[in-house]
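In: A predicted structure for the sequence below; I have some questions about it.
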Amino acid sequence: FEGAAAFGRFQRQLGDFDASRLTETIPRFHDTPKRYQDFERAVQQDTMGRAAKVQREIEFVRQHKADCRYLFDLQQRGELPLRVTHNDTKLNNVLIDDLTGAGCCVIDLDTVMPGLPHYDFGDMVRTGTSPAAEDETDLDKVVMRFPMYEALLRGYLQGAGSFLSPVEKSWLPFSGKLITLEIGIRFLTDYLEGDVYFKVRRPGHNLDRCRTQLKLVASIESQFDAMRRLADTLR
């Protein structure tokens, strides 16, 4: 709750700043349609001969192709404005007061860029709701814990206050699914291309990472109606 509130305050305090003045530290970082295109190219080229081994994961991603465009298209139509976003919203990037437990401020600002608030909130859901490690091999341990999602949502909305539009708020539940899907696509793409981007410590490491993300997407989907109902009550 306190970590999410701190990120919400960070965005609110910069709510009147023209985000277009910021440089994209990592160009097209959350351009999910491009991430999907990169994935399809990796499947078609199959430079390492790995595609046959991961048909289940490839099919899962393809079934979610439409999800990759929703927020991108809304932003392109002007329905979701560009905001100042942090882009690395892990809870260890919040300073927490030892005595009060309050979130004091966010740190690690090198990835602050123009973007959508959903990118930040979605990554909080991705990194903060599952008890499993990002490269967990026992997928039974990977689950979105609804109470953690609720704490994140309540904290974030409290910190953000009224600066978010109703349309922005309505897409917050979806953002956790989207960003988890996006990083899953990136892990799978890197596996197909021969582990050229993410550092790996064992054979199949990126595939393990991909599978945890896709399992978390499925867990989010199974609880999505409840996630949306909660968001509707908090708007």
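Out: Alright, I've got the coordinates.

In: And the helices in the chain?
Out: 2-13, 32-45, 55-63, 70-76, 117-128, 146-160, 166-170, 172-193, 205-222, 224-234 (DSSP state H).

In: for the second one, what is the average pLDDT?
Out: Averaged over helix 32-45, pLDDT sits at 98.

In: Next one: His30 from Thr23, what distance?
Out: According to CB to CB, to the nearest Å, His30 stands 15 Å off from Thr23. Where you see a C-beta, it was placed from the backbone N, CA and C, and this is true even at glycine.

In: and what of Lys215?
Out: In terms of CB to CB, Lys215 sits 35 Å off from Thr23.

In: Then Asn206?
Out: 29 Å.

In: of Lys215 and Thr23, who's got more company?
Out: Comparing Lys215 with Thr23 by neighbour count (other CB atoms under 10 Å), the higher total belongs to Lys215, at 22 against 8.

In: what's that one in contact with, if anything?
Out: By CB atoms under 8 Å, 6 or more residues apart in numbering, the contact list for Lys215 reads 139, 142.

In: hmm, try it at 10 Å
Out: Going by CB atoms under 10 Å, 6 or more residues apart in numbering, Lys215 touches 60, 130, 132, 136, 139-144, 180, 184.

In: give me every residue that touches Asn163.
Out: Just to correct that, residue 163 is Phe rather than Asn. The contact partners of Phe163, by CB under 10 Å, 6+ apart, come to 8, 11-16, 83, 117.

In: how does it look with 7 Å?
Out: Shown in contact with Phe163 (CB atoms under 7 Å, 6 or more residues apart in numbering): 12, 15.

In: same check, this time on Tyr36
Out: Tyr36 touches 65, 68, 185, counting by CB under 7 Å, 6+ apart.

In: what's the answer for Arg211, then?
Out: Applying CB under 7 Å, 6+ apart to Arg211 gives the contacts 57, 139.

In: repeat for the one 3 residues further on
Out: By CB under 7 Å, 6+ apart, the contact list for Leu214 reads 57, 60, 184.

In: Quick check: phi and psi at the residue sitting furthest away from the middle of the chain.
Out: Using CA atoms, centre = their mean, the residue of the chain lying farthest from its centre is Leu99. It sits 30.3 Å away. Phi and psi for Leu99, reported as degrees, to the nearest 10, are phi -90, psi -40.

In: Next one: it relative to Gly159, how far apart?
Out: According to CB to CB, Leu99 stands 20 Å off from Gly159.

In: again, but for Gln75
Out: In terms of CB to CB, Gln75 sits 22 Å off from Gly159.

In: neighbour count winner among those two?
Out: Shown here are Gln75 and Gly159; by other CB under 10 Å, Gly159 has more neighbours (21 against 16).

In: Verify the contact between that one and Gly3 for me.
Out: No - checked against CB atoms under 7 Å, the pair Gly159 and Gly3 is beyond contact range at 9.6 Å.

In: that older thread, as JSON lines, the helices of the chain with distance to Leu109 would be great.
Out: Shown next, in JSON lines, are the helices of the chain (distance: least, CB to CB, whole Å):
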{"stretch": "helix 2-13", "distance to Leu109": "9"}
{"stretch": "helix 32-45", "distance to Leu109": "23"}
{"stretch": "helix 55-63", "distance to Leu109": "32"}
{"stretch": "helix 70-76", "distance to Leu109": "22"}
{"stretch": "helix 117-128", "distance to Leu109": "13"}
{"stretch": "helix 146-160", "distance to Leu109": "17"}
{"stretch": "helix 166-170", "distance to Leu109": "22"}
{"stretch": "helix 172-193", "distance to Leu109": "19"}
{"stretch": "helix 205-222", "distance to Leu109": "25"}
{"stretch": "helix 224-234", "distance to Leu109": "28"}
